[in-house]
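>>> Quick one: sequence and predicted model below, then my questions.
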Number of protein chains: 2
Amino acid sequence: MHLDRLGIYPENIILFNYFIFLLNTYNIMLFTDSEIAELPSRYRANLINTITGYKSANLIGSRSSDGINNLAIFNSVLHMGSQPPLLGLLFRPLTVRRDTYKNIKNTGYFTVNAIDKSIYKQAHQTAAKYGEDISEFEETGLTDQFVNGFPAPFVKESPIQLGCEFKNEYPIAENGTVLLLGTIKLVAFQESMLQADGTLRLDKAGIMATVGLDGYALPEISDRFHYAQPGKTIRSIQDGTQES
Amino acid sequence: MHLDRLGIYPENIILFNYFIFLLNTYNIMLFTDSEIAELPSRYRANLINTITGYKSANLIGSRSSDGINNLAIFNSVLHMGSQPPLLGLLFRPLTVRRDTYKNIKNTGYFTVNAIDKSIYKQAHQTAAKYGEDISEFEETGLTDQFVNGFPAPFVKESPIQLGCEFKNEYPIAENGTVLLLGTIKLVAFQESMLQADGTLRLDKAGIMATVGLDGYALPEISDRFHYAQPGKTIRSIQDGTQES
């Protein structure tokens, strides 16, 4: 087969490159605010929930005044500071029953438990609307564990467990959500993840990330970088060392 | 070589299993609040920044009153709602110069641009302390792009671009951070990621997640699940369909 049988002439290559250029130029979808507002509700929820990127995957453990151990999946845990160690949980509007919120307000304590690849299906199942007298631990087969006298239940199967105390809450006027702040009082994790500088290598424990409303992803850590400085080339510190 | 030369007798297997049991039982590290407080500052920052899991990876574009196009990496973009489409950005305490914050307050607009595997090194470099008259676009080689008349610069290379308008801010009394809220006014993305129900398949564009202060991870989406219902088995909807 000769090249000319395939039509590979210089002028065709130019046409082909122009075609690729058009593809690269025109495969962008764009929505303005009025177009976003007109999307069907579920479609818009899926789109807007995925466009900000991957989210954390955690199970929030709490205990009701009646001693029912509650467990609920959250993708809205937000790191807020390390001194003091503080995290945020964004709650959807409190217009329906929210057992986790009620339990935290009543008892003052909750736990945050990382979701790994061995428990992510059970973790998703905690989102089902069980009655408030039902423990999601029992329904999903995850094991409630009480650690070091902490008053809220941890997930025994989880590779990272955080014990938190209610600190404050910020009602978000724009949409009725509530940002609840907790101080981290207890940290327990599988030692195999720990690097020399205190960083946890999350992929060693198969910890997952969430996507949108119902997606689960398994990340692999590509690299760690030395802190950036003007005019200096990025340096890898994947082994966990940082020059000061 | 016979098995007995290796010492593989039933009683040794029992001993071996007990050893593995001990390993599994005792490889947990636990820190109480006073132990966390006593950790060296950088070690604590690394630990507390990784324990809440993977975070999103975005570049925030803004424009100064003097027309300098600013670009800064953020791992604290928080989905806050889809009707209206609202996101949050957590700023560290405003005790030092924060160009992005200042530009947003001055102009009312900013952009959020997803970081994929082709630009994550350049994205990290935007964290270097450049002067306020320096554009991180020029310093890192990323391309500023103005889309649809939107008044803040987008990152041309980014597979997801969001144009946002300042909505409100919530100063966090506990540690001096600021949660800034923006309404999403424009959404542009590579069409190849879009699934039938509006969900974006982030891994098709190689979008990354961040870990701690300086880590970058590439997730692969494992599955999507139908919304959970009591007593029903989890069902996969990886193809993007959801029964109602």
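Now that the structure is in, tell me what you want to look at. Numbering: from 1, shown residues only, chains lettered A, B, ... in the order given.

>>> wait, doesn't A:S82 sit right on B:I51?
No: using Cβ atoms under 8 Å as the test, A:S82 is too far from B:I51 to be in contact (9.7 Å). From N, CA and C alone the C-beta is placed, and that goes for glycine too.

>>> Neighbour count for these two, which is higher?
Neighbour tally, A:S82 and B:I51, criterion other Cβ atoms under 10 Å in any protein chain shown: the higher count belongs to B:I51, 28 against 24.

>>> who touches the closest residue to that one other than its chain neighbours in this structure?
Nearest residue to B:I51 in three dimensions, chain neighbours excluded: A:I160, at 5.5 Å (Cβ to Cβ, 6 or more residues apart in numbering or on different chains). Listed by Cβ atoms under 8 Å, 6 or more residues apart in numbering or on different chains, the contact partners of A:I160 are A:N113, A:A114, A:V187, A:A188, A:F189, A:Q190, A:M193, A:L200, A:A205, A:I207, B:I51, B:G53.

>>> Okay, the last one and B:Y120: tell me how far apart.
What it means is B:G53. Shown here: B:G53 relative to B:Y120, a distance of 18 Å by Cβ to Cβ, to the nearest Å.

>>> Kindly report the same for A:L71.
From A:L71 over to B:Y120 the distance is 34 Å, taken as Cβ to Cβ.

>>> Those two - which one has more neighbours?
The residue with the greater number of neighbours, taking A:L71 and B:Y120 and applying other Cβ under 10 Å, is A:L71; the counts read 28 against 24.

>>> what distance separates the helix or strand where that one lies from the middle of the whole chain?
When secondary structure is defined using DSSP states H and E, the element that contains A:L71 is strand A:69-74. Mean C-alpha position of strand A:69-74 versus that of the full chain (Cα atoms, centre = their mean, to the nearest Å) differs by 15 Å.

>>> Can that strand be said to contact chain B?
No: when contact is scored as Cβ under 8 Å from any Cβ of the partner chain, no part of strand A:69-74 falls within range of chain B; the minimum is 8.7 Å.

>>> Give the full set of residues in contact with the most centrally placed residue in chain A.
The residue at the geometric middle of chain A, judged as the C-alpha nearest the mean C-alpha position with Cα atoms, centre = their mean, is A:S56 (1.4 Å). For A:S56, the contact set (Cβ under 8 Å, 6+ apart) comprises A:N75, A:V77, A:A209, A:T210, B:T52, B:G53, B:Y54, B:K55.

>>> Could you do A:D99 as well?
Applying Cβ under 8 Å, 6+ apart to A:D99 gives the contacts A:S62, A:S64, A:N70, A:A72, A:E132.

>>> gap between the third one and chain B?
Translated: A:N70. As defined by Cβ to the nearest Cβ, to the nearest Å, A:N70 lies at a distance of 14 Å from chain B.

>>> Dig out what that residue forms beta bridges with.
Residues found in beta-bridge contact with A:N70 (criterion: DSSP bridges) are A:S62.

>>> residues near A:L218, how many?
Under the criterion other Cβ under 10 Å, the count of neighbours that A:L218 has is 20.

>>> The one 10 residues further on too?
A:A228: 22 surrounding residues under other Cβ under 10 Å.

>>> Helices of chain A, start to end?
For chain A, the helices defined by DSSP state H occupy A:10-26, A:33-38, A:41-50, A:99-107, A:120-125, A:136-140.

>>> Just want the angle from the fourth one to strand A:69-74.
Okay, so that is helix A:99-107. With axes from the mean of the first three to the mean of the last three Cα atoms, to 10 degrees applied, the angle from helix A:99-107 to strand A:69-74 works out at 130 degrees.

>>> buried stuff in helix A:99-107?
A:D99, A:T100, A:Y101, A:K102, A:N103, A:I104, A:T107 (16 or more other Cβ atoms under 10 Å in any protein chain shown).

>>> Specify which member of those is nearest to chain B.
A:D99 (13.7 Å; Cβ to the nearest Cβ).
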